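Colleague: predicted model and sequence below, questions to follow.
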Amino acid sequence: MEENEKLDEYYKLKSKKKPFPKYVQLQMIAEIKMAKIKTGKKDRRQYYLLSTYDVLSVAEEKFLIHKQNAADEKIR
């Protein structure tokens, strides 16, 4: 069974746990980058994104990850 088929099967069984579509991830990455650059007052959404998510850059590719609360916590 191919990896994508395994993931599809998993998400069918666990309907509440679905990853964001790629276009939503790219939009959130752009919002996080703008919120980090912005000086002054940030809006509620920007504070939420900055406190919950972070952007991981690997070889010119950017990934949306959950922020770690502790140093020994795994990257999600």
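Modeller: Noted; the coordinates are in hand.
Colleague: only C-alpha atoms from now on, for both contacts and neighbour counts.
Modeller: Will do.
Colleague: list the buried residues in the longest helix anywhere in the chain.
Modeller: In the chain, assigned by DSSP state H, the helix with the most residues is helix 22-37. The neighbour-count check on helix 22-37 (16 or more other Cα atoms under 10 Å) flags 25, 28-29, 31-32, 35 as buried.
Colleague: how about stretch 5-25?
Modeller: Of all the residues in stretch 5-25, those buried under the rule 16+ other Cα under 10 Å are residue 25.
Colleague: now do the end-to-end distance for it.
Modeller: End-to-end distance for stretch 5-25: 21 Å, by Cα to Cα, to the nearest Å.
Colleague: go on, stretch 35-42?
Modeller: 7 Å.
Colleague: could you do stretch 37-46 as well?
Modeller: End-to-end span of stretch 37-46 (Cα to Cα): 11 Å.
Colleague: what sits up against that stretch?
Modeller: 31-32, 35 (Cα atoms under 8 Å, 6 or more residues apart in numbering).
Colleague: please apply the same query to stretch 11-28.
Modeller: Residues outside stretch 11-28 that contact it (Cα under 8 Å, 6+ apart): 49, 63-64.
Colleague: same list, these, but as TSV with pLDDT and neighbour count please.
Modeller: Formatted as TSV, those follow (pLDDT from 0 to 100; neighbours: other Cα atoms under 10 Å):
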residue	pLDDT	neighbour count
49	92	17
63	89	12
64	89	18
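Colleague: let's see which of these end up in helices.
Modeller: Among the contacts of stretch 11-28, the residues falling in helices (DSSP H) are residue 49.
Colleague: still on that earlier bit, just put the buried residues of helix 22-37 in a markdown table and tack on distance to residue 45 and pLDDT.
Modeller: Compiled in a markdown table, those are given as follows (distance: Cα to Cα, whole Å; pLDDT from 0 to 100):
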| residue | distance to residue 45 | pLDDT |
| --- | --- | --- |
| 25 | 15 | 90 |
| 28 | 10 | 94 |
| 29 | 13 | 93 |
| 31 | 9 | 94 |
| 32 | 10 | 94 |
| 35 | 9 | 92 |
